[in-house]
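Participant: quick one: sequence and predicted model below, then my questions.
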Amino acid sequence: MIFSNTAGRRTGHRRGRRATRIALALAVVAGAGTAALAMQSAGAAPAEPDLGPNVQIFDPSMSASDIQSKLDSVFSKQESNQFGEARQALLFKPGSYDANANVGFYTQVAGLGLSPDDVTINGAVHAEADWFQGNATQNFWRSAENLSVNPTGGSDRWAVSQAAPYRRIHLKGDLQLDDGGWSSGGLLADSKIDGQVKSGSQQQWLSRNSEWGSWTGSNWNMVFVGDKNAPSNSFPSPPYTTVGQTPVSREKPFLYIDDEGTYKVFVPALRKDSSGTSWSSGTPEGTSIPLDDFFIAKPGATAAEMNAALDAGKHLLVTPGVYHLDQTLKVTKADTVVLGLGLATLVPDQGVTAMSVADVDGVNLAGLLIDAGTQNSDTLMEIGPNGASASHAADPTSLHDVFFRVGGAGVGKATQSLVVNSSNVIGDHTWIWRADHGDGVGWNTNTADTGLVVNGDDVTMYGLFVEHYQKHQTIWNGENGRTYFYQNEMPYDPPNQDAWMNGSTKGYDAYKVADSVQHHEAWGLGSYCFFSTDKSVTAEHAIEAPKTAGVLFHDMVTVSLGGTGTISHVVNGTGGPSNSSNNVANLVNYP
C-alpha cells in the first residue's frame, strides 16, 4: 500500500482491521465466492476469480485472432443496442496486444494494470457513430479506462455524448471527439494524450486532470479543470473556461492485477489543488484492497445477499448485468467500495430506493447505472440520511461514473434521482437523465420532478449532467457548494405553458440555489431548451440564485436548439434571451 497523507494512513489501517473481521464473518454470507473462503497453498499461483458470464479477460498469450473475434462479436451485438439488457466488460491483463476495440453500448474496455502503461493496445480503442449516420448525440453508456493505445495511423476517435467516460488513458497520438455529425459529451479525466485533442462538433466537454500536446475546437461550453497545457480562459470567444487546479478530487477505483498475479481493487488517494494525471509521474498514491474482501455480485444475486455482505463488512464488486432490487442496498460502513463493471445496472422494484449510504467517511461508489422501476421511487439514491451533519473533509464519500435513468428502457418513475445529505461529497461525473426518447417516455409516463438535490455542505461536483426533469433540475440547499461544468437540457415535452408553471413563474430552473445559501460558486454552466411539443413554451431563467456577494457564477450559456422554445434569462433577470431570433446567449459573470 502507498499512502499520500495522514488521512490516507488512517483509511488504510481501518481497511486492514476490517479485513480480519471480514474473514471471520464471510462464511455466513451466501454466495460470497470461493476465493474468500479457501486459502491458497504456499507458492501456488493465485486463482482466477469468477467474475460472471459477462466479463471477458484477455491474456497476452491468447492469439490476436481469438481476441479480435471476441471484441467484434461483442460490438456487433452492442453497436446499436441502446436500451437492451446486455452488459459487457472486456478486460486486458498487463501486456501488449494487437487489437481493434470498437466500443458499443454498455461495454467497458479496461486494462488490469496499476498504471495505464501496463497494458498497451496496438490498434484502436474507439467509439464511432456509424450506426447513427455519424451523429454521436446518442452514443451513451460505455467507457474506455486504464490502458495505453498506440493508434493505427496516429489517431483514435472517441465520438460520444453523455455517460461515456474516457478515463485514465495514455493515447500515444491524436484524439478526435466527433464522427462528422453532432456530439454532446462528455468527460476526459486522468488521461494523457501525446498529440492533439480535436473536439470537433462537441457541444460541451469537461476535461479534468489531464494533459495533451495541444487542444483545438469549441462550440458552446468547454471546461478545463486541473489540466496541463489547457487553452487559456477566454469565454465566450472561444468558450473556454479554464481552472488551473482541481481543489479536491479522488480518481475512480479500478480493478487490477498485482505483480504476483493477485486481483485487487485500487482506491486512489484524495488529492488537493492538483493538476495533471494521478499516475504519469510515477506510482499512483492510494490503497489496494484484495478481491477477497469483496462480495462479487453476479447476475441473479439478490439485494438480500448483497446487504448481508455489506453488513458483514464486505465491499461490493457488481459484475455486468441488470439487478432488480426488492430492498434498498444499505451501505453503512466507512470506506466501503461499491464498484460496478460493464455499466452494472440496479433497478429498484416496488418503489424502493436503490441505494442508501450512511453518514460515514470515505464511501466510494463507481461504475453504476441506476434505472428507475415502474413503481415510483421517492428517491433513487440517498447519500447520508436527512439531517446528516458530520464533517468528512479528511475522507469524503465520492461518486464516479454513477448514472441515473428514468424511462427509455421502459416505463420508469422517480420523484428525485440523487439526494446528497452528507457533507464534503465529491461527484466525479454523473449523468442524471429523465429520458427524452426510447420506451416508456411521455409527460405523464416517465414522471420525475428533480434530478439532484444537495442538502450537505462543502459538496463539490465535477462533470454534472442533469436533463429533462419536470420541475427544478438541480436544487442546491447546502453551503459552500461548488460545481465545475454543468450541462442541462430542459424537458422537451411540456404539453403547454400551463402544464409547466412554477407558481406564477414560467417554467422551472435548470439550476436553483436556495435563497438561504450564503456561499456557492460554479464554473461553466450550459442550459438548453427544445420545447418540441409546444415551441411557444418559455422558461423564465436557467439559473435562479440569491444575489449576494458569496454566490458566484462564471461562464454561462443558454441555447434554444433550433429556436424551438425560449429561455428568457440566464441568471435571475440577467442575460438572454435564447429564442428563435437569438439562439445562443452568454453571460461571463454573475453578479
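Facilitator: Now that the structure is in, tell me what you want to look at.
Participant: low-confidence ranges in the chain?
Facilitator: Low-confidence segments of the chain, defined by pLDDT under 70: 1-45.
Participant: what residue is smack in the middle of it?
Facilitator: Geometric centre of the chain, nearest residue: residue 401, 2.1 Å, by C-alpha atoms, centre = their mean.
Participant: hang on, it in a strand?
Facilitator: Yes. Residue 401 forms part of a strand when assessed by DSSP: H, G, I helix; E, B strand; the rest coil.
Participant: my guess is it contacts residue 428. True?
Facilitator: Yes. The pair residue 401 / residue 428 is scored as a contact, 7.5 Å apart, by C-beta atoms under 8 Å. Just so you know, the C-beta spots here come from the backbone N, C-alpha and C atoms, and that holds for glycine as well.
Participant: hang on, the earlier thing: mind listing what the residue nearest to the centre of the chain touches?
Facilitator: 143, 163, 165, 167, 252, 366-368, 428-430 (C-beta atoms under 8 Å, 6 or more residues apart in numbering).
Participant: which two from the residues you listed end up farthest apart in space?
Facilitator: 167 and 368 (14.8 Å; C-beta to C-beta).
Participant: rewinding a little: what residues are shared contacts of residue 401 and residue 428?
Facilitator: residue 252.
Participant: check the secondary structure at residue 431 for me.
Facilitator: strand.
Participant: what about the longest strand in this structure?
Facilitator: The residue-count maximum for a strand in the chain (DSSP state E) belongs to strand 337-348.
Participant: quick one: residues in contact with whichever helix or strand comes after it.
Facilitator: Using DSSP states H and E, the helix or strand that follows strand 337-348 in sequence is strand 355-357. Strand 355-357 is contacted by residues 328-331, 338, 346, 363, 365, 370, 380-385, 397, 422 when judged by C-beta under 8 Å, 6+ apart.
Participant: one more time with 10 Å
Facilitator: 303, 306, 316, 325, 328-332, 336, 338, 346, 348, 363, 365, 368, 370, 379-385, 388, 397, 399, 402, 419-422, 425 (C-beta atoms under 10 Å, 6 or more residues apart in numbering).
Participant: keep only those of those that are in strands.
Facilitator: 316, 325, 329-331, 338, 346, 348, 365, 368, 370, 379-383, 399, 402, 419-420.
Participant: picking that back up, CSV for the contacts of residue 401, including neighbour count and distance to residue 87?
Facilitator: Below are the contacts of residue 401 laid out as CSV (neighbours: other C-beta atoms under 10 Å; distance: C-beta to C-beta, whole Å):
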residue, neighbour count, distance to residue 87
143, 27, 12
163, 26, 14
165, 30, 16
167, 24, 18
252, 26, 18
366, 23, 15
367, 28, 11
368, 26, 11
428, 26, 21
429, 28, 19
430, 25, 19
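Participant: residue 50: which of the residues you listed is nearest?
Facilitator: residue 367 (18.7 Å).
Participant: give the bridge partners for the closest residue to that closest one other than its chain neighbours, please.
Facilitator: Excluding the flanking residues, the one nearest residue 367 by C-beta to C-beta, 6 or more residues apart in numbering is residue 340, at 3.7 Å. With DSSP bridges as the criterion, residue 340 is bridged to residue 318.
Participant: I figured residue 340 hits residue 317, correct?
Facilitator: Yes. Contact criterion C-beta atoms under 10 Å: residue 340 and residue 317 qualify, at 8.1 Å.
Participant: hey, what's in contact with both of these two?
Facilitator: 297, 367.
Participant: buried sites along stretch 245-258?
Facilitator: 246-258 (16 or more other C-beta atoms under 10 Å).
Participant: reformat these as TSV; add distance to residue 184.
Facilitator: Listed next are the buried residues of stretch 245-258 as TSV, based on distance: C-beta to C-beta, whole Å:
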residue	distance to residue 184
246	24
247	27
248	28
249	24
250	27
251	24
252	22
253	27
254	26
255	29
256	32
257	35
258	39
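Participant: quick one: which of those sit in strands?
Facilitator: Those of the buried residues of stretch 245-258 mapping onto strands are 246-249, 254-257, per DSSP E.
Participant: from these, which is closest to residue 435?
Facilitator: Scanning those for proximity to residue 435, where the rule is C-beta to C-beta, the winner is residue 254, at 28.9 Å.
Participant: give the contact list for the closest one.
Facilitator: Applying C-beta under 10 Å, 6+ apart, the residues near residue 254 are 110-114, 145-146, 167-168, 264-268, 286, 339, 341, 366-367, 400.
Participant: quick revisit: filter the contacts of strand 355-357 down to the buried ones.
Facilitator: Those of the contacts of strand 355-357 that meet the buried threshold are 303, 306, 316, 325, 328-331, 336, 338, 346, 348, 363, 365, 368, 370, 379-384, 388, 397, 399, 402, 419-422, 425, by 16+ other C-beta under 10 Å.
Participant: the helices in the chain, which residues?
Facilitator: 6-25, 64-78, 303-311 (DSSP state H).
Participant: ok, residues contacting the second one?
Facilitator: When contacts are taken as C-beta under 10 Å, 6+ apart, the neighbours of helix 64-78 outside the stretch itself are 54, 56, 58-60, 62-63, 84, 86-90, 92, 97-107, 109, 122-123, 125, 128, 141-142.
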